[in-house]
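Trainee: What follows is a predicted protein model with its sequence.
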Amino acid sequence: MVRSRAVVAACGVILMSLSACGCSEGDGHRTRGSGAGSRATGGAPAPTAGPSGKPGGAAAPTADPSGKAGGPASSTADPGRIPGVGDRLHRHIPADSRQVVVVYGDDEDSPDCTIVLYTKRGSSWDEVGRWRGHNGRNGWTTDHHQGDLRSPVGVFTLSDAGGVLEDPGTRLPYDQDESYEVPEDWGEAHWHDFDYVIAIDYNRLPGTPPDDPTQPEGSDRGGGIWMHLDHGDGTSACISLSEAGMEHLLRTLDPDQHPVVVMGDREGLKTLGGASDPATPRDHGAPRSAAPEYSLRAGPNSP
């Protein structure tokens, strides 16, 4: 669905952010006013590509009952519960949501994850897609701040999409624009990162394009966290997966089904609480070194 340029002044919907709110560096996206459409535009240096050196994620491995091979087993004793998501996070999933994307981080300090799409049929949650991908380079946090290179643990709505390429047939509002092109100096592995993006509603205004710079919680809490194409390594805070995975999500997610993303490391997903029932935030100390902030319109977190 191609987006009307009219902006919906809706308040940011963060269903459960564990005292966090996006990163304004957003994987390094550019604002529309800063050299839109030119890959030669300067910006923050891209991170080193992953071992494969190729954009796009590897196929997800078959789940192992222990949940150690990239995610929990696809079967569960209770079909009315999403595997690997504990009570305190599960209750933050809206009652009317029938599409949930779960990002299972391999470890609290790992950039690797498995992304699984669940659809609710009747009272049962069925797995309908699974891909390997990446999260923040430094792993996960319950207290996300700009530049910490960690993805925020929480439950967030998914309301807007966009990218360099034409709308692949999504029901989400879709913003196609050359401003999503990355700077050439990020390196070839990153040139297609933002061909398709889905905004994670973390410190942003739902109903606006993914690269809208508004951060209701302030820039220190970060923002511009997206799902986008994988480049083979960790991100600044975004979630990345293969082009096939992004196309599948874009063609499947339906605003009428109230899609959300539940994201965190495996242990955190099982045990951490939410804003109304907070767990003790993890202490990761001062933010680790990060590339200079760079924003697409204020964009997300991605090389």
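Mentor: Done, it's in. Remember, it's a predicted structure, so these values are computed and weren't measured experimentally.
Trainee: helices and strands around the longest helix along the chain, which ones?
Mentor: Under DSSP state H, the helix in the chain containing the largest number of residues is helix 243-252. Under the contact definition 3 or more CB pairs under 8 Å, 6 or more residues apart in numbering; DSSP states H and E, helix 243-252 sits against strand 112-121, strand 124-134, strand 197-200, strand 226-229. No exception for glycine: its C-beta is placed from N, CA and C like everyone else's.
Trainee: tell me what the third one is packed against?
Mentor: Secondary-structure packing of strand 197-200 (3+ CB pairs under 8 Å, 6+ apart): strand 154-163, strand 226-229, helix 243-252.
Trainee: so for the longest helix of the chain, what's the average pLDDT?
Mentor: Averaging pLDDT along helix 243-252 yields 98.
Trainee: And stretch 123-140, by the same measure?
Mentor: 97.
Trainee: tell me which residues in it are buried?
Mentor: 125, 127, 129-140 (16 or more other CB atoms under 10 Å).
Trainee: ok, so of those, who is nearest residue 258?
Mentor: Closest approach between those and residue 258, by CB to CB: residue 125, at 14.0 Å.
Trainee: Excluding residues flanking it in the chain, which one is nearest that closest one?
Mentor: residue 118 (4.6 Å; CB to CB, 6 or more residues apart in numbering).
Trainee: Tell me the bridge partners for that neighbour.
Mentor: residue 100, residue 127 (DSSP bridges).
Trainee: so it touches residue 126, yeah?
Mentor: Yes: assessed by CB atoms under 8 Å, residue 118 is found in contact with residue 126 at 6.5 Å.
Trainee: From one end of stretch 258-268 to the other, what's the distance?
Mentor: 24 Å (CA to CA, to the nearest Å).
Trainee: Report the beta-bridge partners for the closest residue to residue 227 other than its chain neighbours.
Mentor: Computed as CB to CB, 6+ apart, the closest residue to residue 227 that is not its neighbour in sequence is residue 198, at 4.3 Å. Beta-bridge pairing of residue 198 under DSSP bridges involves residue 161, residue 227.
Trainee: which residues sit in contact with residue 198?
Mentor: 158, 160, 161, 172, 210, 226, 227, 228, 246, 249, 250, 253 (CB atoms under 8 Å, 6 or more residues apart in numbering).
Trainee: I'd like to know how many residues surround the first one.
Mentor: I take that to be residue 158. Residues contacting residue 158 under the criterion other CB atoms under 10 Å number 24.
Trainee: and it, what does it touch?
Mentor: Counting by CB under 8 Å, 6+ apart, residue 158 has contacts 101, 172, 198, 199, 200, 201, 227, 253, 259, 260, 261.
Trainee: Mind doing that once more with 6 Å?
Mentor: 198, 259, 261 (CB atoms under 6 Å, 6 or more residues apart in numbering).
Trainee: Could I get those in TSV, plus columns for distance to residue 83 and pLDDT?
Mentor: As requested, those are exported to TSV (distance: CB to CB, whole Å; pLDDT from 0 to 100):
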residue	distance to residue 83	pLDDT
198	22	98
259	18	98
261	15	98
